[in-house]
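1. Sequence and predicted structure are below.
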Amino acid sequence: MRLENEFTEDHVHEDIHLEYPAAELLYKALRHEEKRLFGKTNRIDDQPELSWLAADSPQMEVYRHTYKWTGTFRQFFDELLRTANGQDAIQLGDMKHGMLRKLKAIGLAYTGFLREELQKYGKEQNQAPPVLADMDARINGLEEYFRRKPFDAVSPEELLP
């Protein structure tokens, strides 16, 4: 759901910077999304009886394109983090509104995944409740990044299922 009075996709947000932990979170989220998309396309490709049916599928091409884009952007974040040299903030520069929407969606999907994994862990025997509470608080803190600038002005884009 788009925010009321939201910018157009090609609106440029200038001088975007993220706190180092937020950039690190987005790197992990992009890596997770890249693995998820690879798994979906690879599962189809590994089905010789069915893969030929998807050979000219426009939707399969969307998945492949999105997988490549995600990998490229993950590499971009990897380089930013590698060269940060202990800085508190990572400078992204100017960024289109649509790109921020994608990043927010990927970040929120990743924190949702972490929450699901934590819930599974919480149901196991012999888990450590105080550590569980600490991890839950940490996930809440990660979700907070997407309520702050620059993400507060964007709605998350819908991700591929």
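-> In hand now; what should we look at? Numbers count the residues shown, from 1 in each chain.
2. hey, let's count contacts and neighbours off CA atoms from now on
-> Will do.
3. ok, Q127 - how many residues close by?
-> Using other C-alpha atoms under 10 Å, Q127 is surrounded by 11 other residues.
4. part of a helix, is it?
-> No. Under DSSP: H, G, I helix; E, B strand; the rest coil, Q127 falls outside any helix and is assigned coil.
5. Just want the phi and psi numbers for it.
-> phi -80, psi 160 (degrees, to the nearest 10).
6. Then E14?
-> The phi/psi pair for E14 (degrees, to the nearest 10) is phi -90, psi 150.
7. how far out from the middle of the chain is the host helix or strand of Q75?
-> Taking DSSP states H and E as the criterion, Q75 maps to helix 58-82. The chain centroid and the centroid of helix 58-82 are separated by 11 Å under C-alpha atoms, centre = their mean, to the nearest Å.
8. Check whether F38 really touches Y67, as I assumed.
-> Yes. Using C-alpha atoms under 8 Å, F38 is in contact with Y67, at 6.6 Å.
9. Can you show me the strands along this protein?
-> Using DSSP state E, the strands of the chain run over residues 12-19, 89-96.
10. residues of the last one that come out buried?
-> Using 16 or more other C-alpha atoms under 10 Å as the burial criterion, the residues of strand 89-96 that qualify are I90.
11. Please name the strands paired to that strand in the sheet, noting orientation.
-> strand 12-19 (antiparallel) (DSSP bridges).
12. got a list of contacts for the strand it pairs with?
-> For strand 12-19, contacts defined as C-alpha atoms under 8 Å, 6 or more residues apart in numbering pick out D88, A89, I90, Q91, L92, G93, D94, M95, K96, H97, P150.
13. Could you check it and say which residues are buried?
-> Neighbour-count burial for strand 12-19, counted by 16+ other C-alpha under 10 Å, picks out V12, H13, H17, L18.
14. what are the bridge partners for the first one, then?
-> So that's V12. Note on V12: beta-bridge partners by DSSP bridges are K96.
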